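Novice: please find the sequence and the predicted model below.
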Amino acid sequence: MSGPVRVETPDGVGELVVAEAASPVAAVVLGHGAGGSEASWDLELLARELPASGVSVARYRQPWLVAGRKVAGPPASLDRAWLPALEVLSRRWPGVPLFVGGRSAGARCACRCFDPSLAGLVLLSFPLHPPGKPAKSRVAELAGADGPALVVQGANDPFGSPAELARALAEVGYAGERIVPVPGATHSLAPAKSLPAPLVAEREQLVVSSVVTFIADVLDPVPSAE
């Protein structure tokens, strides 16, 4: 793992924390949540485990976090700072299929900024709506991303359960997603300290294998039956 890569943006300096595969078949850039960082449980897990499967990982620290601020800026500022990071990675990994995503606010940003030249979306805890406010749906952000998407969603996520997400996407006619429920998990996806070690390992395996399988299927899709 190399040191942080500086990213100049209109809203200040961002940083990419990179974990490179020895012979990458793909790469994924992941944004963090509005109240967290690149050190969240799921982002650290993927950065640690995916390179062994040939997937390089870059976790992007938004400029507001690099500057030491406690609160994320408005969505427009997150989007402005996200796009330069993608440009840096496209130059760093030319010819390598690039997936984009992240957790929570980072997942939303990746959806809003998605370009069809990108390989797909890896979304962790997509915040379908604020807790207790299902009418304030953000489904249009995900449905507006023109590409295959994986959504890893806690079964007990107050920002939208896997079933809620599936219903909302079906209602708008979007069928490009693959939703993986994480049993017992909330919005953070992180296991509680009281969770027995075998169940922690099971959750880690579910998250990692879901991402690895999704990326493999996008890169080498199974032909549909005639």
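Specialist: Yep, that arrived.

Novice: what sits against Ala143?
Specialist: Leu169, Val172, Gly173, Tyr174 (C-beta atoms under 8 Å, 6 or more residues apart in numbering). Bear in mind the C-beta positions are built from the backbone N, C-alpha and C, glycine included.

Novice: gap between the residue nearest to the second one when sequence neighbours are not counted and Ala27?
Specialist: Right, Val172. Nearest non-adjacent residue to Val172, counting by C-beta to C-beta, 6 or more residues apart in numbering: Ala143, 4.9 Å away. Using C-beta to C-beta, to the nearest Å, one gets 25 Å for the distance from Ala143 to Ala27.

Novice: and the residue nearest to Val172, how close does it get to Asp11?
Specialist: 27 Å.

Novice: how about Val66?
Specialist: Val66 is 10 Å from Asp11, by C-beta to C-beta.

Novice: likewise Arg103?
Specialist: Counting by C-beta to C-beta - Arg103 and Asp11 are separated by 20 Å.

Novice: of the two, who's got more company?
Specialist: Arg103 (30 against 17; other C-beta atoms under 10 Å).

Novice: what pLDDT is listed against that one?
Specialist: As predicted, Arg103 sits at a pLDDT of 97.

Novice: can you tell me the centre-most residue of this structure?
Specialist: With distances taken as C-alpha atoms, centre = their mean, the residue of the chain nearest its centroid is Gly102 (2.3 Å).

Novice: for my notes, confirm that one occurs in a strand.
Specialist: Yes: counting by DSSP: H, G, I helix; E, B strand; the rest coil, Gly102 is part of a strand.

Novice: what's near enough to touch it?
Specialist: Val29, Leu30, Gly31, His32, Gly33, Leu43, Tyr60, Cys109, Ala110, Val122, Leu123, Leu124.

Novice: buried members of those residues into PyMOL, please.
Specialist: PyMOL command restricting these to the buried ones, with burial defined by 16 or more other C-beta atoms under 10 Å:
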select buried, resi 29+30+31+32+33+43+60+109+110+122+123+124
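
Novice: in JSON lines: the contacts of Gly102, plus secondary structure.
Specialist: Output for the contacts of Gly102, formatted as JSON lines (three-state DSSP):
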{"residue": "Val29", "secondary structure": "strand"}
{"residue": "Leu30", "secondary structure": "strand"}
{"residue": "Gly31", "secondary structure": "strand"}
{"residue": "His32", "secondary structure": "coil"}
{"residue": "Gly33", "secondary structure": "coil"}
{"residue": "Leu43", "secondary structure": "helix"}
{"residue": "Tyr60", "secondary structure": "strand"}
{"residue": "Cys109", "secondary structure": "helix"}
{"residue": "Ala110", "secondary structure": "helix"}
{"residue": "Val122", "secondary structure": "strand"}
{"residue": "Leu123", "secondary structure": "strand"}
{"residue": "Leu124", "secondary structure": "strand"}
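
Novice: does Glu141 touch Cys113 like I think?
Specialist: No: look at Glu141 against Cys113 with C-beta atoms under 8 Å: they stay out of range, at 10.1 Å.

Novice: so where do the strands sit in the chain?
Specialist: 5-9, 12-19, 26-31, 55-61, 98-103, 120-124, 149-154, 177-182 (DSSP state E).

Novice: got a markdown table for the ones you listed, with distance to Leu86 too?
Specialist: As requested, those are exported to a markdown table (distance: least, C-beta to C-beta, whole Å):
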| stretch | distance to Leu86 |
| --- | --- |
| strand 5-9 | 10 |
| strand 12-19 | 10 |
| strand 26-31 | 7 |
| strand 55-61 | 9 |
| strand 98-103 | 7 |
| strand 120-124 | 13 |
| strand 149-154 | 17 |
| strand 177-182 | 21 |
